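Asks: Here's a sequence, model it:
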Amino acid sequence: MQIQPTHPSGKERSGPQRSTGAGENPSEAHPPLRTGQAPRAEKRDCVVRSFEYSHYPRDARQQQRLIGLTRDESKSGLCVVVDQPEPSGSLLQIALQTLDGDPSMQALAVVAWCRPREDGRYALGLSLIERTCRRRTPLRARHSSCERQMRLSA
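Replies: Residues are numbered from 1 along each chain as shown. Modelled structure (predicted):
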């Protein structure tokens, strides 16, 4: 038996529900699951990162990289918001950065879907094909005085 979440008014909601994220317009959120569609197997994390992309393979060396922001990420894909539509099936070379500019991932992705938003931008669903760079981890200090200082402060 599946219990449906209820609205603050006490009315029961029908159908599968998805989180819209803080401050988002519900109409710009992910559309509800289609009838008969299985629930997602992977957890999605609401993560905002700077997102750069170009078509793959690039047509010309001077081809401009485009920018956007991520909305959520999972192990196999992500949802991004961009200024122009991209056709489903397009291959994109992507680079993600934290909002302070640190690189976090590079990958090859395929556009799974593209949907217009009320603000005139577009939401793209991307499926990751190949990660070319994993998130960098901080380097640990190897100097003995640094290690001693770290132990004393703990």
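
Asks: what's the following helix or strand after the longest strand seen in the chain?
Replies: Taking DSSP state E as the criterion, the chain has its longest strand at strand 103-116. Downstream of strand 103-116, the first helix or strand assigned by DSSP states H and E is strand 122-133.

Asks: Which positions within the longest strand of the chain qualify as buried?
Replies: 104-107, 109-111, 114 (16 or more other CB atoms under 10 Å). Where you see a C-beta, it was placed from the backbone N, CA and C, and this is true even at glycine.

Asks: Same question for the closest residue to residue 74 other than its chain neighbours, what's its three-state structure.
Replies: Counting by CB to CB, 6 or more residues apart in numbering, residue 74 lies nearest to residue 42, which is 4.3 Å off, once chain neighbours are set aside. Under the three-state scheme (DSSP: H, G, I helix; E, B strand; the rest coil), residue 42 adopts coil.

Asks: I'd say residue 42 and residue 73 touch.
Replies: No - judged on CB atoms under 8 Å, residue 42 makes no contact with residue 73 at a distance of 9.8 Å.

Asks: about what we covered before: can you report how many residues lie near the residue nearest to residue 74?
Replies: Residue 42 has 10 neighbours, counted by other CB atoms under 10 Å.

Asks: And the one 10 residues further on, by the same measure?
Replies: Taking other CB under 10 Å as the neighbour definition, residue 52 ends up with a count of 15.

Asks: Who are the contact partners of it?
Replies: 65-67, 94-95, 97 (CB atoms under 8 Å, 6 or more residues apart in numbering).

Asks: now residue 107
Replies: Applying CB under 8 Å, 6+ apart, we find residue 107 in contact with 93-94, 96, 128-133.

Asks: now the end-to-end length of stretch 69-81.
Replies: End-to-end distance of stretch 69-81: 5 Å, with CA to CA, to the nearest Å as the criterion.

Asks: Now it: buried residues?
Replies: 70-74, 77-81.

Asks: nearest to residue 61, of the residues you listed?
Replies: residue 80 (24.4 Å; CB to CB).

Asks: What strand or helix carries that closest one?
Replies: Secondary-structure assignment from DSSP H and E places residue 80 in strand 77-82.

Asks: and after that strand, which helix or strand comes next?
Replies: strand 91-97.

Asks: what is the mean pLDDT for that next one?
Replies: The average pLDDT for strand 91-97 rounds to 93.

Asks: buried stuff in that strand?
Replies: Those would be 92-97, for strand 91-97 by 16+ other CB under 10 Å.
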